[in-house]
Structures are given as structure tokens and as C-alpha cells.
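show me how the following folds:
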Amino acid sequence: MTKKNQISAEITAAQTTAVMENINSINETLKHALTINLTNDDRLHMLKMGDKTLAFVQKALEYAVQNQTLCPVFLDLSEAQKDYSLAAGLQAIKQKVAALLRAIEDAEMVAGGEAYDAALIFYNSVKGAARSNIAGSQAIEDDLKLRFPGRRKSTLPTV
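Next comes the predicted model:
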């Protein structure tokens with residue numbers, strides 16, 4: 001790790017509860033619109049509206065409203081406008097949530113990396129203490145070795 005102690009913060013239980021309640025409130029507020037559960041295949045083959053497409057759809061629907069004689073009879077213009085409004089609103093929300101999620105991921109990554117670095121420093125110290133027969137260090141090393149996320153040797157016999 002190149003920088004030490006980039007973050008020094010805590011989240012209290014009350015803050016965690018407040019955030020979870022706010023997330024639940026968002027889910028409750030949007031539950032009427034968040035009813036779709038697409039499969040990966042659905043996502044792959046579906047038309048998608050991004051920033052550039054948003055402007056195209058908006059302009060096309062404006063023209064359709066102004067020139068309804070050009071609209072095919074099977075086009076439900078009011079439903080298309082409703083879909084556009086929903087997509088535009090959700091996109092604005094998604095952008096805010098994506099920025100928040102990125103900030104959470106960054107903070108989690110730094111805090112987790114710093115905690116992992118500290119744990120590795122301690123683990124290496126304990127292993128050195130165990131090699132030097134310091135009382136109690138072998139039991140700690142044995143316990144931590146079981147939990148160490150590194151590669152473990154296979155216990156299966158080789159053929």
C-alpha cells in the first residue's frame with residue numbers, strides 16, 4: 001500500500017440504521033416503477049436508452065405530438081410519453097445513486113485494504129513470534145492460518 005491511513009472514519013449503528021431506513025424509503029417510493037426483473041438474456045437483446053438516445057427519443061416524441069397524422073395507429077403516443085418520462089426520471093436517479101455507490105465502493109476499498117494490511121502485519125509478527133516460541137503465539141498462528149484467504153494446500157491425495 002503506497003499511502004497509509006487514507007481514511008479514518010466510523011459509521012455508528014444509528015447512522016447505519018438511518019441509511020438503511022432511507023434506502024427502504026427509496027424502495028417504497030419507487031416500488032410501483034421497480035417491478036421488472038430482467039434476465040441477462042433480456043438485458044442483452046433489449047433496446048437501451050442512454051444519454052444520446054434520451055435526446056433522440058425526447059425530440060421524436062415532441063414531433064409525434066405535433067404531427068399526430070404521421071403516427072401509425074398502433075403507436076400509443078401517451079404510453080410512449082409516459083415511458084419516456086419514467087426512463088428520464090430513473091436515469092437522473094441512477095446517476096446520483098451510481099455516484100454514491102462509487103464513493104461507497106472507494107471508501108470500502110481503502111478502509112478494507114488498510115484493515116487487511118494491518119492484519120497481515122500482525123499475522124507476520126505472530127508467525128515470527130511462533131518461530132521464536134513466544135508463549136501463546138502458536139495458537140494464534142494456527143487459528144489465523146485456518147482463516148487466511150491465501151491459497152491452501154489440497155488435502156486430496158494426488159494420483
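
right, and the helix or strand after the longest helix seen in the chain?
The longest helix of the chain (DSSP state H) is helix 77-131. The helix or strand immediately downstream of helix 77-131 is helix 137-147, counting by DSSP states H and E.

thinking again about what came up before, from the middle of its chain, how far away would the longest helix of the chain be?
Averaging C-alpha positions (CA atoms, centre = their mean, to the nearest Å) puts helix 77-131 5 Å from its chain's average.

between that helix and helix 137-147, how many degrees?
Put simply, helix 77-131 runs at 150 degrees to helix 137-147, going by axes from the mean of the first three to the mean of the last three CA atoms, to 10 degrees.

check which helices and strands helix 77-131 is in contact with.
For helix 77-131, the contact count by 3 or more CB pairs under 8 Å, 6 or more residues apart in numbering; DSSP states H and E identifies helix 51-66, helix 137-147 as packing neighbours. C-betas here are computed from N, CA, C, even on glycine.

and the last one, what's buried?
Of the residues in helix 137-147, those with enough neighbours to count as buried (16 or more other CB atoms under 10 Å) are 137, 140, 141.

do the same with the longest one
Residues 57, 61 are the ones in helix 51-66 that count as buried (16+ other CB under 10 Å).

tell me the helices and strands packed up against it.
Applying 3+ CB pairs under 8 Å, 6+ apart, one finds that helix 51-66 contacts helix 77-131.

what pLDDT, on average, does the helix it packs on get?
Averaging pLDDT along helix 77-131 gives 95.

how big is the angle separating that helix from helix 51-66?
160 degrees.

could you measure the nearest residue to residue 93 once chain neighbours are set aside against residue 12, distance?
In this structure, residue 93 finds its nearest non-sequential neighbour in residue 30, 7.8 Å apart by CB to CB, 6 or more residues apart in numbering. Using CB to CB, to the nearest Å, residue 30 is found at 27 Å from residue 12.

these two: which has the busier surroundings?
Between residue 30 and residue 12, counted using other CB atoms under 10 Å, residue 30 has the larger neighbour count: 13 against 8.

residues contacting the residue nearest to residue 138 when sequence neighbours are not counted?
Spatial nearest neighbour of residue 138, chain neighbours left out: residue 130 (4.6 Å); criterion: CB to CB, 6+ apart. Residues in contact with residue 130, defined by CB atoms under 8 Å, 6 or more residues apart in numbering, are 137, 138, 140, 141.
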